[in-house]
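# Here is my input, please return the structure:
(chains A, B and C)
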Amino acid sequence: MNERRATDRQASLRNYIKLYLILIRTSVRSRMQYRFNFAFGTVLAAIIQLSEFLMIAIVLAKFGAVRGWTMHEVGYLFAVMTLAKTLYRTFGNEVHNLERYLVEGELDQLLTKPLPVLLSLLPRGFRIMFGEVIQGGAILAWSLGQMLHSGQISWWAIPQTIFAIVTGGVVLFAIGMATATCGFWTTRISMLQNMTEDAAQTAARYPLTLYPGWMSGLLLTAIPVGLVGYLPALYILRGELGLWVFPVLAAASCLVVLLALRFWKFGISKYQSTGS
Amino acid sequence: METISSRAVPTVQAEREAAIEAVGLCKSFKTPVVAQGRFSGIRSLFSREYTTKEAVRDIGFTVEKGDFVGYIGPNGAGKSTTIKMLTGILHPSSGSVRLAGIDPHRDRLRCASRLGVVFGQRSQLWWDLPVKDSYDILAHMYGVCDADKAKRLGEFAELLDLDEFWDTPVRKLSLGQRMRADIAAAMLHDPELLFLDEPTIGLDVNAKRNIRGFLKVLNEEFGKTILLTTHDMDDIEQLCRRVMVIGGGRLTYDGTVEGLRREIGLPTEIKVTYRAGYVLPRQGDDLIIAADSSFAMRIVSRTESTLTVEVNRQDVRTMDVLRELGQRGEIEDVEMREPDFEEIIRRVYG
Amino acid sequence: MISFRSNTRLYQTLAAKAYARNIQYRGSHLLHNFASAAFGYLYACIWIGLGRDHSLGDYGTIGMLHYITFTQTSLWVASFTTMGLGIPQSVRTGQIALDLMRPVHLFAHLMAKEWGQIAYQFLYKSIPIYIVMQLALGLTPIDGGRTLPLALTALAGAAYMAICMNYMMGISALWTTESSWLYWGNQALMNLLAGFFIPLEWLPGWLQTVAWASPYPFMLYAPTQFYLGKGDPVLLLGTLAWCAALTLLCMLSTKALRHKVEVQGG
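Below is the predicted model of the structure:
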């Protein structure tokens, strides 16, 4: 009996993965119906990214270091944050857009499908973010290259950084999902996203030592964006802390995403739908 | 509640599960109170005051397999809220729902694969893709194998004329085409139970006829259980064996269409044409009182040779009315008009 | 030809309605102000941190805190206007054809509405954010507030320019469904070229040239310079010139819009 349930579960998991891929293909195809818009969006996204980077680059070029962090180190923080965010927005963007579903009542439709809501929701927002990947990748390559050249880091830094980007993406997704869940009560979430996503992500592009203690504490615990670039950078770039950083990152990202999922499930049971 | 469910609903037989069983459904929505007056902006930030709106109060009913039920009521009466609770979208504040014995909230996924849902105002199809692609995706979603998909779509295509827009992106369909495509999509996985929320809203006469025809076939030939909400009384008259009326969040009527007609007790109009005029006892009076004073009828209109009166056929037999009117002159012709269904609904909503 | 002057009463009503529509949400907007002030505080923290190790040029750390306070406050007037003045939405719903039929010029109509919106945002967003940031950073208004009149005049010009730019972005919705990207692109350029975070004189030379060739410096940088008591009143001429140029562009784009709507029928 138990064995059969296990194989059932395996079959349905396989089925879910297959379905996820189909839905992703669908949303890519839908998007490609508007080729011009796709190209247009990509170009503008690259410009936005570039101007965001220039803001930091100009500060670094003028002042050289921020609180003892070199130009390359801050560039690294920026790049890891950009790539982790790209990962989150590539696969989990619809969580960020949940307000639209709540306001327009689109969520009703998803709730009538025999799939977990996240599984039908997430693929809808799947998109390929060339602009961000190229920009983040270029800055990362530049800063890592310079630090490798100067002997500050070893080649080990590369797999470690990739690991940090993946766990970082998971953390950002969890924060995004927890924020979106509040929408089941408040419907409007853009204001909250402003704080927990936009402001927090902007803050974590700089070394957290810039901020007063209460704020950096907040950014490592309540809104743990500090886990994305700052904490791994302390070890990977500066040799502080220890190798234990990686299991901690893995555990923390799993924990936050599980907590966020719990909260999401609870939130959905409180869903009020739109009027009439 | 008990009075409602005992009135028209047969008791559930133990060996057969009802298609829908709703018990004591309630749903209330909380909205924060907006403070008024000075500093109201700041005060409302911290206020814990809520107004509670009870959208649905204590609704209970049972729908048997193969039934065709119309669910009507004015806007804001709680129709959509009920449908959303039945389909597992909204959790009821209290009460329970069973669809073929399954709780749609606890077991949403299992339940979802057994029911079809159509929202007239919204499409479940993929906006930018050709219609047939949506069916491919839905088939994967519901685990429908290729052979079944082909067979069912073949049947639907014939009944709903899907062929004419098979390759058209959904965003380019007319409202009527989209609705047909949507209903076919909801039936692709062959659910036992179909919910439709205002399926004919905004459609022209032909599109309505087409959709009604399809629903009739689904119900009569395939034995599907159907529950629909509508504001179009022709939907109810032509399709539904049973009608439920909701008003102010409560079920106010549950029974047959004829029963509803009777219950409201609307007057029937009888128009009599006299061969050579008629005499009324007192000119200018609106009432005709029977010779034996057993009943009265109201005059709606009159001309030189015709007289139209209103009577409630619950109280008076038509023969008595005609005998009474026959005494006023020689009757050449009689016309009777039953109360309009629209009129009934206006009374119910009012 | 539609007259602009015909109907001042109408414009007043449109503005008042836009203002009143927002008033009902002021509770949640006040909460939003904390988010916005937190953002400003964050940027201030960066400058405080930088100021600890470096001298911050003519401004000094305190000067930079004033700078960030004023730009953050001004965003609600010069940058956070209604996306495309609501045109993309009315294009999607087909409302645009109706709007064009009205006996009021579309630009004037939407501008009147937006002035109401901006007035609301100034009172219920800019001012509270300004006060919160002053308190959080322990600042007092520069020169006892004597620099404010000039700064606010320049800011009013910036608001007008923001309306024009959003109008043109909105009109682009007839050609692309992704016009919201333009809005975000505009925000990004505001951050960089309008001197939101970094004073323009600290940009590399080539970027300064690019910036001064655009209207952006007049949207945040110039008002802020007036606020700090540094700006030369001649800068106001730049604001005026850009207002005139943008108005002209808006008129031309309305023509293009009309043509497009007539061709494709809305």
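# which residues sit in contact with B:Val348?
With contact set as Cβ atoms under 8 Å, 6 or more residues apart in numbering or on different chains, B:Val348 has these partners: B:Ile72, B:Val245, B:Gly247, B:Thr252, B:Tyr253, B:Leu260, B:Ile264. Backbone N, C-alpha and C define where each C-beta goes, glycine included.
# Would you reformat those residues as TSV and include neighbour count?
Output for these, formatted as TSV (neighbours: other Cβ atoms under 10 Å in any protein chain shown):
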residue	neighbour count
B:Ile72	25
B:Val245	23
B:Gly247	16
B:Thr252	14
B:Tyr253	19
B:Leu260	22
B:Ile264	15
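# Out of these, name the ones that lie in helices.
B:Leu260, B:Ile264 (DSSP state H).
# Switch the contacts of B:Val348 over to TSV; also include distance to A:Ala222.
Conversion of the contacts of B:Val348 to TSV gives the following (distance: Cβ to Cβ, whole Å):
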residue	distance to A:Ala222
B:Ile72	50
B:Val245	51
B:Gly247	48
B:Thr252	50
B:Tyr253	54
B:Leu260	58
B:Ile264	60
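# now, which of the contacts of B:Val348 lie within strands?
If you go by DSSP state E, the contacts of B:Val348 have B:Ile72, B:Val245, B:Gly247, B:Thr252, B:Tyr253 in strands.
# I'd like the contacts of B:Val348 as a markdown table, with distance to chain A and pLDDT appended.
A markdown table is the format used below for these (distance: Cβ to the nearest Cβ, whole Å; pLDDT from 0 to 100):
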| residue | distance to chain A | pLDDT |
| --- | --- | --- |
| B:Ile72 | 14 | 89 |
| B:Val245 | 17 | 90 |
| B:Gly247 | 15 | 83 |
| B:Thr252 | 19 | 86 |
| B:Tyr253 | 21 | 88 |
| B:Leu260 | 23 | 80 |
| B:Ile264 | 25 | 73 |
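# Looking at the contacts of B:Val348, which is nearest C:Trp47?
When those are ranked by distance to C:Trp47 (Cβ to Cβ), B:Gly247 comes first, at 63.0 Å.
# From one end of stretch A:234-242 to the other, what's the distance?
End-to-end distance for stretch A:234-242: 9 Å, by Cα to Cα, to the nearest Å.
# In the stretch 151-300 of chain B, which residue sits nearest chain C?
Among the residues of the stretch 151-300 of chain B, B:Arg171 lies nearest to chain C; the distance is 11.3 Å by Cβ to the nearest Cβ.
# what pLDDT does that residue get?
Note on B:Arg171: pLDDT of 85.
# Once you drop chain neighbours, what's closest to it?
Spatial nearest neighbour of B:Arg171, chain neighbours left out: B:Trp127 (5.1 Å); criterion: Cβ to Cβ, 6 or more residues apart in numbering or on different chains.
# Mind putting the contacts of B:Val348 into TSV with distance to chain C?
Below are the contacts of B:Val348 laid out as TSV (distance: Cβ to the nearest Cβ, whole Å):
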residue	distance to chain C
B:Ile72	29
B:Val245	34
B:Gly247	30
B:Thr252	35
B:Tyr253	38
B:Leu260	38
B:Ile264	40
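# What distance do you get for C:Ser79 to C:Met165?
Per Cβ to Cβ, to the nearest Å, C:Ser79 is found 10 Å from C:Met165.
# Same drill for those two, tell me which one is more crowded.
The neighbour comparison of C:Ser79 against C:Met165 (other Cβ atoms under 10 Å in any protein chain shown) goes to C:Met165, with 26 against 21.
# Remind me which helix or strand that one belongs to.
helix C:148-171 (DSSP states H and E).
# which residues touch the residue of the stretch 51-200 of chain A found nearest chain B?
Closest residue of the stretch 51-200 of chain A to chain B, Cβ to the nearest Cβ: A:Pro114 (3.9 Å). When contacts are counted by Cβ under 8 Å, 6+ apart, A:Pro114 touches B:Leu109, B:Arg110, B:Ala112, B:Ser113, B:Met141, B:Tyr142.
# How about A:Thr86?
Taking Cβ under 8 Å, 6+ apart, one finds A:Met129, A:Glu132, A:Val133, A:Gly136, A:Gly169 in contact with A:Thr86.
# for the first one, what are its contacts?
Contacts here follow Cβ under 8 Å, 6+ apart; on that basis A:Met129 touches A:Thr42, A:Ala45, A:Thr86, A:Arg89, A:Thr90.
# how does it look with 7 Å?
A:Ala45, A:Thr86, A:Arg89, A:Thr90 (Cβ atoms under 7 Å, 6 or more residues apart in numbering or on different chains).
# Alright, I will stop here.
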